[in-house]
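Asks: Below are the sequence and a predicted model for it; my questions follow.
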Amino acid sequence: MKAICFYFQVHQPYRLRQYRFFDIGKNHNYFDDFANRTILRKVADKCYLPTNKLMLDLIEKYGSKFKIAFSLSGTVMTQFKEYAPEVIESFRKLADTGCVEFLAETYAHSMSSLKSETEFKRQVESQVAMVQELFGKTPTIFRNTELIYSDDISDMVAAMGYKAQLSEGAKHIMGWRSPNYLYTSASSPQLKLLLKNFTLSDDIAFRFSNQGWEEWPLTTEKFVGWLNALNPSEEIVNLFMDYETFGEHQWKETGIFDFLRKLPEQVFENSDFQFLTPAEVVDQFQPISPMHVRYPISWADEERDLTAWLGNEMQNEAFDRLYQLEEKMKNVSDPKLRHDWNLLQTSDHFYYQCTKWFSDGDVHKYFNPYESPYDAFINFMNVLADFKLEVDKHLADQKSSSGNIHEEIEQLEAKIKELKDLKVP
Amino acid sequence: MRVLMFGWEFPPHISGGLGTACYGLTKGMLQQDLDIIFVVPKTHGDEEKSKIKLISAEDVAVTVRRQDLKYFKDHFKYIEVSSALVPYMDPEEYKRVHEGDTISKTSEDIIHGNQKLTFSGEYTKDLLGEVSRYALIGSSLGHQEDFDIIHAHDWLAYPAGIAAKKASGKPLAIHVHATEYDRSGENVNPVVHQIEKMGMEAADLVIAVSNLTRNIVINKYGIDPEKVFTVHNAVDFSEGDHMGQVKRNTPEKIVTFLGRITYQKGPEYFIEAAKKVLERVPDVRFVMAGSGDMMNKMVRRVAELNIAMNFHFTGFLKGDDVPMMFRMSDVYVMPSVSEPFGISPLEAMRSSVPVIISKQSGVAEILDHAIKVDFWDVDAIADAIHGILKYPALTYTFKQHGQTEVYTLKWENAAYEVKKLYEQLLNSRNSDTI
């Protein structure tokens, strides 16, 4: 039986507040608590809570036949804890059904996989620990920030013991091949690859409410018709999308919730597809071929590359300067500095600095709290300058206090020696 | 003596040095017992007026003589084209365009409109339209006000000055704070250039803010040297900066560029010098304060040079942020490609900050206690910055003598020179008529 594999990305960044030059050295609160709380509450009400409720209804209605997977970034889970604990509760209910799989990713929704294996590993472990704590599940499948993938990354992920990784069925790596099969990494063949069917995924995620689209309105009949029209030998359709598609990117008024509510029934009645989670897909299907990906791909924009985050000199500069602090951070245990270090790595900060406004500009603008990429860069660098000062200060304090201990020990030892010497007549 | 003065901006609504200079000069003139009517396109109600009679062009009823309209129609055609509200049209046309406006003719000669014009007072797309409407106000005030001399600051106000002269027959002084050659290099805007030339030609007296500017007026605009005089700008001390001691937040020394980020100010030379300094002295912060059409390019250049951790942009600074920025600075750099005067180094010196200025600035003519470099000589700029940062004796000397020097540059002295020029002009006119 063929499989539909639904995976939803749940992520919110900690947005920076307006941080001016005059704040450097003076003010160490970098984040816009008000905006972050407001946005999270809004998205919770419009998307997370109603969609989770709908998913729970569907799972209850169809027994264990309707299955989905989520990947939650650490930053969104932490914001749920802070601002909307009831969302955690609703995810936990879904977890308890046994029909929902949770995937591993980096805590900060970061691009650390491109810079440092140590930092990357650390962040994945930290996100996984949080999933275990909140939902009692241990992820076995990995998905990287923005589905960023390359042979090098697959080696690290395989070494961490994951069975499979999710990525994009990007045209330039697929060539004539179809994403609707299971693949493996070429450099670490034990790691399976599930590749996004971007046409069918984007029909829901991006085009659903586009009235200029010739297929509008999209009905479940039409969608299942397309599934049935696929080559009979193709096995898996990976529908990967932002969870915010439901109710946030596509508003409730577009009928997106009705579409989702009716989809399973339509699939069960009119097709020979079943719903499987990524781990089940990996268990039930055989990979057909290894996939070489020398240069990193992602699920973003027409190019499916990294240029949305690391495409201009500002983004590269910000990224390099940030990771220059990694060595120092290894010696920092201060909880606030560690937390800030995580949050500054979130990929969104670099996305805001993107200057390719033309083909994909609309999507970029929609998510951007800054007036221009230049503002975004200046603000980020101001924050980073202060953060570096704070780290240096902290390390200097540590050094001087530990220096004092050594001095103290020396002094006491001298004293002991002196006293011992006294005994000798 | 009563002066009808046309400006474009007035504190606190200023975009750069022009407003500051007009304000300082006007205050100095009051001390010289001159009576000033200062006109701006628009007032906001929060200007510090003290004894200055500040008039908003928006409050002036339009009164224009028919023959003056004709003059403007003939001489300012290019303005008319770009203006939505055609200011030099016949009253009949005017009425047609602005239905409901009542314009009555009290005599064959003078047209009285109850109509008042609106201005943004900013540097908008319709700048030329505003400039021409402003000239209409100039003409109206020429009829309505009683004064001895007209004084117009920079090209935006020249047409208003010319119009007032046409209407009143009183002598016109124009004050050249900058020319199109300073703003745009050799790529001058022909319309602006034309207005400037017309202003200088129509003027009985041209006051330039430096010898540098005086030479440009004479050589590039072909103006008779006999009527062009230099009066250097000064710095206003009464304002002080009320800042007291500003707490420094960062341990590093701070090197500052403060001004519009445009071609004229040479921001790229500051950045290239910063790179060179940072290669030797890593614990310095460079700050580029201001905004302008080259800002984005500069941000990219800083990123490209990988110095963004130590190079900061503040955006446009307002109010107390300006003196605060000076107070936080250890070195102030003005690498202007072409700077008619440049008041900001004086403000830095007032705050005890050593300054590095380009030889291509008017202020370089009057300052001794400043390091002067060619704007393009990035090595020299870097060397000077490094010297001030690393050799405390240098800083000490500049602070000591710089403040003393800058305190001798008073607006009342500049105003006194202007007054003398007025008197000279009025006397020569009287002797001509006698």
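Replies: All right, it came through fine.
Asks: which residues touch residue 278?
Replies: Using chain A here. A:Cys5, A:Tyr7, A:Ala69, A:Glu101, A:Leu103, A:Ile141, A:Ala164, A:Leu166, A:Leu194 (CB atoms under 8 Å, 6 or more residues apart in numbering or on different chains). For glycine as for every other residue, the C-beta is placed from the backbone atoms N, C-alpha and C.
Asks: wrong one, chain B
Replies: Per CB under 8 Å, 6+ apart, neighbours of B:Leu278: B:Val284, B:Phe286, B:Ile307, B:Asn310.
Asks: burial of B:Lys27, as a residue count?
Replies: Look at B:Lys27: counted by other CB atoms under 10 Å in any protein chain shown, it has 20 neighbours.
Asks: could you dump the strand or helix carrying it to CSV, C-alpha only?
Replies: Assessed by DSSP states H and E, B:Lys27 sits inside helix B:17-31. Extracted as CSV, the C-alpha positions of helix B:17-31 are listed here (Å, rounded to 0.1, in the frame of the first residue of the first chain):
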residue,chain,number,x,y,z
GLY,B,17,24.0,72.1,9.1
LEU,B,18,21.9,74.7,7.2
GLY,B,19,19.3,75.0,9.9
THR,B,20,21.9,75.2,12.6
ALA,B,21,23.9,77.9,10.8
CYS,B,22,20.8,80.0,10.1
TYR,B,23,19.7,79.8,13.7
GLY,B,24,23.2,80.7,15.0
LEU,B,25,23.7,83.6,12.6
THR,B,26,20.2,85.0,13.4
LYS,B,27,20.8,84.9,17.1
GLY,B,28,24.2,86.6,16.6
MET,B,29,22.5,89.3,14.5
LEU,B,30,20.0,90.0,17.2
GLN,B,31,23.0,90.8,19.4
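Asks: what comes into contact with that helix?
Replies: With CB under 8 Å, 6+ apart, helix B:17-31 has contacts from B:3, B:5, B:7-11, B:13-14, B:36, B:38, B:50-52, B:153-154, B:175, B:177-178, B:209, B:233-236, B:238, B:341-344, B:410-416, B:418-419.
Asks: Report the spatially closest residue to the residue of chain A found nearest chain B, excluding sequence-adjacent ones.
Replies: For chain A, the residue closest to chain B is A:Gly25, as judged by CB to the nearest CB, at 3.0 Å. Spatial nearest neighbour of A:Gly25, chain neighbours left out: B:Asn249 (3.0 Å); criterion: CB to CB, 6 or more residues apart in numbering or on different chains.
Asks: in a helix, that's where that neighbour is, yeah?
Replies: No: assessed by DSSP: H, G, I helix; E, B strand; the rest coil, B:Asn249 does not belong to a helix; its assignment is coil.
Asks: Run a quick neighbour tally on A:Ser63.
Replies: For the record, residue A:63 is Gly, not Ser. 9.
Asks: Out of the contacts of B:Leu278, which comes closest to chain A?
Replies: B:Asn310 (7.6 Å).
Asks: count of residues packed around that closest one?
Replies: By other CB under 10 Å, 24 other residues sit near B:Asn310.
Asks: pretty sure it is touching B:Phe286, no?
Replies: Yes: with contact defined as CB atoms under 8 Å, B:Asn310 counts as touching B:Phe286 (6.3 Å).
Asks: Give the residues shared as contacts by the two.
Replies: Between them, B:Asn310 and B:Phe286 share these contacting residues under CB under 8 Å, 6+ apart: B:Ala274, B:Leu278.
Asks: With distance to A:Glu125, pLDDT and secondary structure as added columns, please give the contacts of A:Pro278 in JSON lines.
Replies: Formatted as JSON lines, these follow (distance: CB to CB, whole Å; pLDDT from 0 to 100; DSSP: H, G, I helix; E, B strand; the rest coil):
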{"residue": "A:Cys5", "distance to A:Glu125": "25", "pLDDT": "97", "secondary structure": "strand"}
{"residue": "A:Tyr7", "distance to A:Glu125": "21", "pLDDT": "97", "secondary structure": "strand"}
{"residue": "A:Ala69", "distance to A:Glu125": "20", "pLDDT": "98", "secondary structure": "strand"}
{"residue": "A:Glu101", "distance to A:Glu125": "19", "pLDDT": "98", "secondary structure": "strand"}
{"residue": "A:Leu103", "distance to A:Glu125": "14", "pLDDT": "98", "secondary structure": "coil"}
{"residue": "A:Ile141", "distance to A:Glu125": "16", "pLDDT": "98", "secondary structure": "strand"}
{"residue": "A:Ala164", "distance to A:Glu125": "18", "pLDDT": "98", "secondary structure": "strand"}
{"residue": "A:Leu166", "distance to A:Glu125": "19", "pLDDT": "97", "secondary structure": "strand"}
{"residue": "A:Leu194", "distance to A:Glu125": "22", "pLDDT": "98", "secondary structure": "strand"}
